[in-house]
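Sharing a model prediction with you, sequence too.
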Amino acid sequence: MLILPNDLKTHSSILSVDKVRAICAPLMGHFEVNLFYFIKSYYLGDQKGKRILLSSDANWVNDYFATKHYESELVSFPSVLKGKTYISSIWDGCHSNHQSCKLGLLAQSKYNVSHLFYLTWVHDNNIEVYCFGFKKGHDHIPQQLLFNLDIYQYFCHYFDDIGRDLIQNAYKDAFIVPIQDSANYSNPHYFEYGPQKQQLLNTMPIHKIFLTGKYQDTYLTKDEAKTIVLACQALQYADIAKYLSVSVPTVKYRINSIRKKCGVKNKKAMIRLFTEQNFVPHLKEALI
């Protein structure tokens, strides 16, 4: 079932444009961001098919619906990407038939944009996409993004905070797009997880995973890293042991080993350390 807005003039995505631009003002002023839009798509659960759109440009909202881009948006991602921090991708002027390239060409031709930069977070039942369009004539966009990726990631959290009311209003005004259960992740640049990818990773075995910051000389084994990641999710020893297919004494041994390496007195202090220092995302990336 496809349910789209009856009147875009009174739709939240149009009425909120000025407020979205105000939120984006720091990026638009410092980084030549010429266009911004946010999409939240529910692909599982009771809300499946619902979609939210917010943008800094009313014309972009109209084009979004006029070009029926919602029909080709990705809503299926490999499970390995779920729960990770923001997945980044960029459109740099490619003219292929891939959906993101078609969207980029539209932005290039009508909105004075040379690059589109996407930050995507795959949640358990929805996908959030933050897109930034950069003004033509602004040199070295990819380099700027690489050096300032943390700022764009921070902005996404900022937008979620400052724009909470806008997002809630948009949710009340969500449109519905049918989702195909068989839809596949089609990004040609993503190296699908499978035998080929595993074979590649096996050629680069990691035996020690070093921490960061003032603990950069402290390392964990892969088994220790797997154990502490689960412990930081408040799992009990028995649950961790079952998940990793090891014994409870083995889990306790690993936890005690990590505690000694980090110089903390007990498990509670160790988990607090790993949480405060944000070590878990770093370990997860090394454990792919």
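Received the coordinates, thanks.

how about the strands of the stretch 101-250 of the chain, start to end?
Taking DSSP state E, counting those that start in this stretch, the strands of the stretch 101-250 of the chain run over residues 113-122, 126-135, 175-176, 209-210, 219-220.

how about the ones you listed in JSON lines, adding mean neighbour count?
Heads up, the C-betas are built off the backbone N, CA and C, glycines and all. Shown next, in JSON lines, are those (neighbours: other C-beta atoms under 10 Å):
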{"stretch": "strand 113-122", "mean neighbour count": "21"}
{"stretch": "strand 126-135", "mean neighbour count": "22"}
{"stretch": "strand 175-176", "mean neighbour count": "17"}
{"stretch": "strand 209-210", "mean neighbour count": "16"}
{"stretch": "strand 219-220", "mean neighbour count": "18"}
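
Let me know which of those is the nearest to residue 159.
Residue 159 lies closest to strand 126-135 among the strands of the stretch 101-250 of the chain, at 6.9 Å (C-beta to C-beta).

average pLDDT for that closest one?
Strand 126-135 carries an average pLDDT of 92.

could I get it in CSV with only the CA atoms?
Taking C-alpha atoms only, strand 126-135 is exported to CSV below (Å, rounded to 0.1, in the frame of the first residue of the first chain):
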residue,chain,number,x,y,z
ASN,A,126,14.6,1.6,11.0
ILE,A,127,17.3,3.3,8.9
GLU,A,128,18.3,6.9,9.4
VAL,A,129,20.0,8.7,6.5
TYR,A,130,21.6,12.1,6.8
CYS,A,131,22.6,13.7,3.5
PHE,A,132,24.8,16.8,2.9
GLY,A,133,25.1,18.4,-0.5
PHE,A,134,28.2,20.5,-1.1
LYS,A,135,28.2,23.7,-3.2
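
Who are the packing partners of it?
strand 33-42, strand 113-122, helix 149-162 (3 or more C-beta pairs under 8 Å, 6 or more residues apart in numbering; DSSP states H and E).

Distance from the chain centre to that strand, please.
In terms of C-alpha atoms, centre = their mean, to the nearest Å, the centre of strand 126-135 is set 10 Å apart from its chain centre.

go on, stretch 16-36?
20 Å.

mind listing what's buried in it?
16-17, 19-20, 23-24, 27-28, 31-36 (16 or more other C-beta atoms under 10 Å).

Count residues in the vicinity of residue 58, would you?
Residue neighbour count, defined by other C-beta atoms under 10 Å, stands at 17 for residue 58.

so how far is residue 141 from residue 251?
Distance from residue 251 to residue 141, counting by C-beta to C-beta, to the nearest Å: 47 Å.

Tell me which of the two has more neighbours.
residue 251 (24 against 19).

Give me the secondary structure label for the more buried one.
Using DSSP: H, G, I helix; E, B strand; the rest coil, the structure places residue 251 in helix.

didn't it look like it was pressed against residue 242?
No - using C-beta atoms under 8 Å, residue 251 makes no contact with residue 242, being 9.7 Å away.

ok, back up a step: tell me the two of the buried residues of stretch 16-36 that are most distant?
Spatial extent of those (C-beta to C-beta) is set by the pair 16 and 32 at 22.8 Å.

From the buried residues of stretch 16-36, pick the one nearest residue 96.
Relative to residue 96, and with distances defined as C-beta to C-beta, the nearest of these is residue 35, at 20.7 Å.

quick one, what contacts that closest one?
55-57, 60, 107, 111, 113, 131-133 (C-beta atoms under 8 Å, 6 or more residues apart in numbering).

I'd like these written out as TSV, with distance to residue 47 added.
Below are those laid out as TSV (distance: C-beta to C-beta, whole Å):
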residue	distance to residue 47
55	21
56	25
57	26
60	24
107	28
111	30
113	31
131	22
132	26
133	28
